[in-house]
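Participant: Predicted coordinates and the sequence they were generated for:
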Amino acid sequence: MRMPVKLSRIHYIMFTSYSLTFLIWGFVTTSGVMTLDYFSKYIPRFLLPISAALGPLFLMIGNTLMGRLADLVGRRGIYVYTMSLYTVGLIGMALSLLLLNLIPAISAFTVFLVSYALAEIGVGGEEPPALAATTELMPPNYRGSMLVLITNFDNIGAAIASLILFLSLLRNTQVSAIWVMIGSALLVITAAVIIRLATPESIRWLLVRGYRDRAMKIAEEKGLTYTLNDYHSAKGVRFPPTWFRALILSLIGIAQLATYGLMAYYIIYLPSLPFSSNELLASQVVLWANVGASVAGLIGLVIDKVSRRSFTLFSYIGGLITMIPIFVIYGLIATSPIVSSLPIFYTLLFINMAFSEFGWAVRVLLEPELFPTRVRATWIGVVRLVAWAFYVSLIYYLLASASTFIYLLSNLILYIIGAAAAIAWYIWGVETKGLPVSALDGSINK
């Protein structure tokens, strides 16, 4: 019988390091969306949907490219590239606002787009290796909690960034507020670089790549010897075929990613809603959406006591149910006086984003658990490529049409797709809660 592994100093160092990765992602996303909102006053209308789609597009590139590289050069070896990219990107985004007063607006906007692209490649590129390393290094009895709590810092980062923006807007101009937000992100990056130096390479990855002596040395030095255990396979666990696992993960990824991004960020660009063209109200939309997601992310404290399959079903059916009143009020009966009530909208958004975060938790649990170590980061990048590609296309189409009814109807349909995939996984899926990575590898390979 396997004895539970207790958390030690090195686990808390890794938790802090990977959490800062996702915290920075939240800052980058919010900074990009709100900087684009500022530039929207100076660019032709047709450029807005194109530019809004570029952030997710380059994050998708980072996911796929760095995910593959993380399987080739290691989880830890990839960070020097990703951290450099989003640091340069954030600095460039801040400079683009300064240049707006010195060069033509379209030239300053070009600087912003290039910088935004670099920042998104960087934060997107850190996601697959961070998820893989967390899965491979954390104790099996804490793996689910660590995956969910660490990735919840994306929501926390976005909430903090939007709160900084909101408070700064109360005192300064939008430009000054965005500078404060980006400056705060750069301080977080400084801390992340220092802590990242203390994190070890994935021992499971070293073993799979044939570096056994190095793996054993790191395991002994860091107190991670449990990662060397080889259980071959989990008794009675039969994994569905790769195509089925990839299909389900792609479908729930499309549903969760698109509904979260469309409702938490890009909805502020719809001209018919009351917060349109008001930076202060728009920042509150981003704030309340991410506060709701951040609070829901605390599910990570108990997630290792819950069946993965049951939680998947609960998350996506709950998301569908909470999307229905938003669609009915703001999509079907858009002339009702209730539409102009921001407290009602913020409350409905808060609840819906909580279930969206549950859906995100499902993804970060299952994506690294359903593929073997030798190609784990690659497959995380692949299934996210599918979700991001669909999401990017949807952003462009929905913002170009600017129809609130179609926008919200699309969200409802996406939740139906996610719920259908969750039901399929509940029926034909496999339970991975608490299984050591070596047992997962053995069962998958078998």
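Facilitator: Now that the structure is in, tell me what you want to look at.

Participant: since we're on residue 191, how many residues are nearby?
Facilitator: 14 (other C-beta atoms under 10 Å). In short, each C-beta sits where N, CA and C put it, glycine included.

Participant: what's the closest non-adjacent residue to residue 420?
Facilitator: Distances taken as C-beta to C-beta, 6 or more residues apart in numbering place residue 251 nearest to residue 420, at 7.6 Å, with adjacent residues excluded.

Participant: so who does that neighbour touch?
Facilitator: For residue 251, the contacting residues are 417-418, 420-421, by C-beta atoms under 8 Å, 6 or more residues apart in numbering.

Participant: Quick check: the gap between it and residue 157.
Facilitator: Look at residue 251 and residue 157: by C-beta to C-beta, to the nearest Å, they are 27 Å apart.

Participant: element containing the residue nearest to residue 420?
Facilitator: Applying DSSP states H and E as the criterion places residue 251 in helix 242-264.

Participant: What are the buried residues along that helix?
Facilitator: Residues 245-264 are the ones in helix 242-264 that count as buried (16 or more other C-beta atoms under 10 Å).

Participant: Mind pulling up the pLDDT for the closest residue to residue 257 other than its chain neighbours?
Facilitator: Spatially, and ignoring its direct neighbours in sequence, residue 257 is nearest to residue 387 (4.7 Å; C-beta to C-beta, 6+ apart). Predicted confidence (pLDDT) for residue 387: 88.

Participant: So what does residue 387 have for phi and psi?
Facilitator: Backbone torsions of residue 387, given as degrees, to the nearest 10, read phi -60, psi -40.

Participant: Number of residues surrounding it?
Facilitator: Count around residue 387 with other C-beta under 10 Å applied: 23.

Participant: thinking again about what came up before, among the contacts of residue 251, name the buried ones.
Facilitator: Of all the contacts of residue 251 considered here, the ones buried according to neighbour count by 16+ other C-beta under 10 Å are 417-418, 421.

Participant: which one of these sits closest to residue 72?
Facilitator: Of all the buried ones among the contacts of residue 251, residue 421 has the smallest distance to residue 72: 30.3 Å, by C-beta to C-beta.

Participant: shouldn't that closest one be in contact with residue 253?
Facilitator: No: the pair residue 421 / residue 253 is not scored as a contact, 9.2 Å apart, by C-beta atoms under 8 Å.

Participant: From residue 296, how far off is residue 260?
Facilitator: The spacing between residue 260 and residue 296, counted by C-beta to C-beta, is 11 Å.

Participant: Also residue 240?
Facilitator: If you measure residue 240 against residue 296 using C-beta to C-beta, the figure is 28 Å.

Participant: Tell me which of those two has more neighbours.
Facilitator: For the pair residue 240 and residue 296, the greater number of neighbours falls to residue 296 (24 against 16), based on other C-beta under 10 Å.

Participant: Could you check the angle whatever helix or strand that one lives in makes with helix 242-264?
Facilitator: Element membership of residue 296, judged by DSSP H and E, is helix 279-296. Taking axes from the mean of the first three to the mean of the last three C-alpha atoms, to 10 degrees, helix 279-296 and helix 242-264 form an angle of 140 degrees between their directions.

Participant: Spatially central residue for the protein, please.
Facilitator: Taking C-alpha atoms, centre = their mean, the centroid of the chain lies closest to residue 154, which sits 6.1 Å from it.

Participant: What confidence value was assigned to the spatially closest residue to that one that is not a sequence neighbour?
Facilitator: Sequence neighbours aside, residue 22 is the residue nearest to residue 154 in space, at 4.2 Å (criterion: C-beta to C-beta, 6+ apart). With respect to pLDDT, residue 22 scores 87.

Participant: swap in residue 418?
Facilitator: 95.

Participant: Begin at 607 from now on, thanks
Facilitator: Okay, residue one is now 607; in that scheme the one you just asked about reads as residue 1024.

Participant: you'd agree it is up against residue 862?
Facilitator: Yes: counting by C-beta under 8 Å, residue 1024 does reach residue 862; the two are 6.4 Å apart.

Participant: anything in contact with each of these two?
Facilitator: When C-beta under 8 Å, 6+ apart defines a contact, the residues bordering residue 1024 and residue 862 alike are 922, 925, 965.

Participant: Those in helices, which ones?
Facilitator: 922, 925, 965 (DSSP state H).

Participant: Can you add distance to residue 1011, pLDDT and neighbour count and give those back as CSV?
Facilitator: What follows is those, written out as CSV (distance: C-beta to C-beta, whole Å; pLDDT from 0 to 100; neighbours: other C-beta atoms under 10 Å):
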residue, distance to residue 1011, pLDDT, neighbour count
922, 23, 96, 31
925, 20, 93, 29
965, 24, 93, 27
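
Participant: nearest to residue 702, of those residues?
Facilitator: Lowest distance from residue 702 to these (C-beta to C-beta) belongs to residue 965, with 33.4 Å.

Participant: Not counting sequence-adjacent ones, nearest residue to the closest one?
Facilitator: Distances taken as C-beta to C-beta, 6+ apart place residue 862 nearest to residue 965, at 3.8 Å, with adjacent residues excluded.

Participant: how far away is the one you found from residue 988?
Facilitator: To residue 988, residue 862 is 16 Å away according to C-beta to C-beta.

Participant: and if you look at residue 659?
Facilitator: 20 Å.

Participant: Also residue 710?
Facilitator: For residue 710, the distance to residue 988 equals 40 Å [C-beta to C-beta].

Participant: Tell me, how many residues neighbour the nearest residue to residue 846 once chain neighbours are set aside?
Facilitator: For residue 846, the nearest residue in space outside its immediate sequence neighbours is residue 1034; the separation is 6.0 Å by C-beta to C-beta, 6+ apart. Neighbours of residue 1034 under the rule other C-beta under 10 Å: 11.

Participant: and residue 985, how many neighbours?
Facilitator: Residues contacting residue 985 under the criterion other C-beta under 10 Å number 23.

Participant: Could you check which helix or strand contains it?
Facilitator: Assignment of secondary structure by DSSP H and E places residue 985 within helix 982-1007.

Participant: Next, the angle from that helix to helix 848-870.
Facilitator: Comparing the axes of helix 982-1007 and helix 848-870 via the same axes, to 10 degrees yields an angle of 40 degrees.

Participant: tell me which residues of the helix or strand just after helix 982-1007 are tucked away?
Facilitator: Of the helices and strands lying after helix 982-1007 in sequence (DSSP H and E), the nearest is helix 1010-1034. In terms of neighbour count (16+ other C-beta under 10 Å), helix 1010-1034 has its buried residues at 1010, 1013-1014, 1016-1021, 1023-1025, 1027-1028, 1030-1032.

Participant: again with stretch 812-823
Facilitator: If you call a residue buried by 16+ other C-beta under 10 Å, then stretch 812-823 has these buried ones: 812-815, 817, 821.

Participant: Outside of that stretch itself, list whatever touches it.
Facilitator: Outside of stretch 812-823, the residues within contact range by C-beta under 8 Å, 6+ apart are 680, 807, 809, 824, 834, 979-980.

Participant: Cool, thanks, signing off.
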